[in-house]
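# prediction below, plus the sequence it came from.
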Amino acid sequence: MNARRSIADLSADLADRAESFCRQYFPEGRKQGNYWQVGDTSGAKGQSLAIRLQAQGGRKAGSWQDFATGEYGDLIDLLKERLGSVTLKETLREARSFLGEAPCPAALRDTRKAERPDASTNKRIARARKLFAAGKPVLGTLAATYLQGRGITRLGPALRYHPRVFLRQGEDDADPPQRAPALLAKITDNRGQVTGCARTYLDPSTGGLAAIESPKRILGQLHGHAIRFWSGSPRSDLIVGEGLENTLSIGTALPEFDLASCLTATHLGLFIPPPGIQRIWIARDNDEAGRNASIRLRNQLELIGIAFGDLVPNMGDFNDDLRAFGKDPLRRSLLKAMKAQGLEIEDG
C-alpha cells in the first residue's frame, strides 16, 4: 500500500475497521448497539465518549464525540488523543501500523524522552493543575471517609479533596455542569511535572462513589505517566498498579514500597519507568485486560533491561482482597509472591 496516501484515506480505512480499532485502543470500553462507549479519550472506563462503528443515517463510521467535554472528530483525531503527547506524523505512523502498512507503532516506541504537548493538550494540563492546586488535604474530608471505607490507610500529597468540582451527569446531559465533591489525584511525569488530575466524584450521603455515569474521570494527560506515592526511603523497586484504590490497597499492606497508579489497564501497559528503577512489580487486576496490560509492560521492560515481577490478586482486584481478607493477610500474600520471584526481604 502507498504510505503517502492522504489523511482522509487513512481515516476512511480506520473507519472500515472501527470495531477492531476500538478493541485495540479502548479495551476498557464496551459495545452498545452501533457504538463503542468508553469514559474519555484516555481510555478510562465509562460511557461519556461514543464511537460510531458503522455508517448509519448518513453519518460516517468512525466519528466520535465526548459528551462530557464536547470534543469530537474522526479516528485519526481520536488516535492522536489516545496516544497522548505525540506529533501528527507519529499518529499517522501508528495508524498505518494498525492497518498493516508500516512497522513500529508509536505506542511501542521508546517514549522515555518527553514529547512536547500540543496546544489542546496544554490547555487540559493547565486546567488539571489549576484544579489540583485548588484542592485541600484529604484528612478529615469526605475523600478520607471514602478511602477508609475501602480499608485504605496509605495516603499522601498526591491526593487532595475539593467539595465543588464541575460535573456533567452523562452523555445526554445538555444542562450546564453541576458541582460535586471529588477526590483529586495528581498525575505526574518522571520529572515530577503535573500532567493531569484524576477526579473521583463522591456521594456525601453515603461516603461512596457518586451514583452517576462514570464517577471516575481524568483531566489532562495520562499516557506514560502515573499517580505516585513515595515511601520516604530510596528504593530500586517500584510497584505499578492499575486503579488508584487497588494500588493504594497494596500500599496499605506494604507501606515500605513506592507506588505508581496508572488508573487503567491500558495505561498500565504504557507506563514509562522513572530513572534508577531496577525492578518493577506489575500489580494488575485478575482479568483479561490486566493480563494483556502486564504482557505489554513486560515486553517494554525487557527491551530496556528492567527486571519485573507479576502481582495478581486472589479476587478481582487488590481492594477486593484487602476488604475480604484484611491488611495483614494481604501483606503476607504479596510478600510470598514477591519472594517467589526473587525479592530478598525480611518481613518482621
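Structure received. Numbers count the residues shown, from 1 in each chain.
# can you confirm Ile239 is in a strand?
Yes - under DSSP: H, G, I helix; E, B strand; the rest coil, Ile239 falls within a strand.
# look up the closest residue to it, ignoring the ones flanking it.
Trp281 (4.5 Å; C-beta to C-beta, 6 or more residues apart in numbering). Every C-beta, even on glycine, is put in place using the N, C-alpha and C of the backbone.
# what's whichever strand or helix holds the one you found packed up against?
For Trp281, the host element (DSSP states H and E) is strand 279-283. For strand 279-283, the packing partners by 3 or more C-beta pairs under 8 Å, 6 or more residues apart in numbering; DSSP states H and E come out as strand 237-241, helix 244-253, helix 288-304, strand 307-311.
# can you show me the strands along this structure?
If you assign secondary structure with DSSP state E, the strands in the chain sit at 30-32, 35-38, 49-52, 64-66, 72-73, 159-167, 178-188, 194-201, 216-220, 226-229, 237-241, 258-261, 279-283, 307-311.
# may I see the buried residues of the worst-scoring helix or strand of the chain on mean pLDDT?
Within the chain, no helix or strand scores below helix 88-98, which has a mean of 80 by mean pLDDT, DSSP states H and E. For helix 88-98, a neighbour-count test (16 or more other C-beta atoms under 10 Å) marks Glu90, Thr91, Leu92, Arg93, Glu94, Ala95, Arg96, Ser97, Phe98 as buried.
# rewinding a little: residue contacts, the residue nearest to Ile239?
Asp237, Leu238, Ile239, Val240, Phe257, Phe308, Gly309, Asp310, Leu311, Met338 (C-beta atoms under 8 Å, 6 or more residues apart in numbering).
# what do you get if the cut-off is 6 Å, keeping everything else the same?
Ile239, Gly309, Leu311 (C-beta atoms under 6 Å, 6 or more residues apart in numbering).
# I figured the second one hits Ala340, correct?
Read that as Gly309. No - between Gly309 and Ala340 there is no contact under C-beta atoms under 6 Å: 8.7 Å.
# quick one, which of the two is more surrounded?
When Gly309 and Ala340 are compared for neighbours, Gly309 comes out ahead with 18 against 9, by other C-beta atoms under 10 Å.
# quick one: contacts for that one?
Contacts of Gly309 (C-beta under 6 Å, 6+ apart): Trp281, Gln341.
# quick one: it from Trp281, how far?
According to C-beta to C-beta, to the nearest Å, Gly309 and Trp281 sit 5 Å apart.
# ok, back up a step: will you turn the contacts of Trp281 into JSON lines that also has pLDDT?
Listed next are the contacts of Trp281 as JSON lines, based on pLDDT from 0 to 100:
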{"residue": "Ile239", "pLDDT": "97"}
{"residue": "Gly309", "pLDDT": "96"}
{"residue": "Leu311", "pLDDT": "97"}
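# which one of these is nearest Glu19?
Leu311 (32.2 Å; C-beta to C-beta).
# what about the closest one, neighbour count?
Neighbours of Leu311 using other C-beta under 10 Å come to 20.
# identify the bridge partners of it.
Note on Leu311: beta-bridge partners by DSSP bridges are Ala283.
# which residues sit in contact with it?
Contacts of Leu311 (C-beta under 6 Å, 6+ apart): Trp281, Ala283, Ala337.
# tell me how far stretch 244-263 is from the chain's mean position?
15 Å (C-alpha atoms, centre = their mean, to the nearest Å).
# please point out which parts of that stretch sit buried.
Quick answer for stretch 244-263 (16+ other C-beta under 10 Å): 244-254, 257-263.
# contacts for that stretch?
So stretch 244-263 is contacted by 150, 152-154, 185, 198, 226-231, 235, 238-241, 268, 271, 283, 317-319, 322, 327, 330-331, 334 (C-beta under 6 Å, 6+ apart).
# what separation do you get for Val38 and Phe67?
Distance from Val38 to Phe67, counting by C-beta to C-beta: 12 Å.
# so which of the helices and strands packed on strand 279-283 is nearest Glu28?
Closest approach to Glu28 among these (C-beta to C-beta): helix 288-304, 6.7 Å.
# how does this protein divide into domains?
7-108, 117-221, 223-348 (automatic domain parsing).
# and which of the contacts of Leu311 is nearest to Gln54?
Ala283 (37.8 Å).
# hang on, isn't that closest one packed against Gly241?
Yes - taking C-beta under 6 Å as the definition, Ala283 is a contact partner of Gly241 at 3.9 Å.
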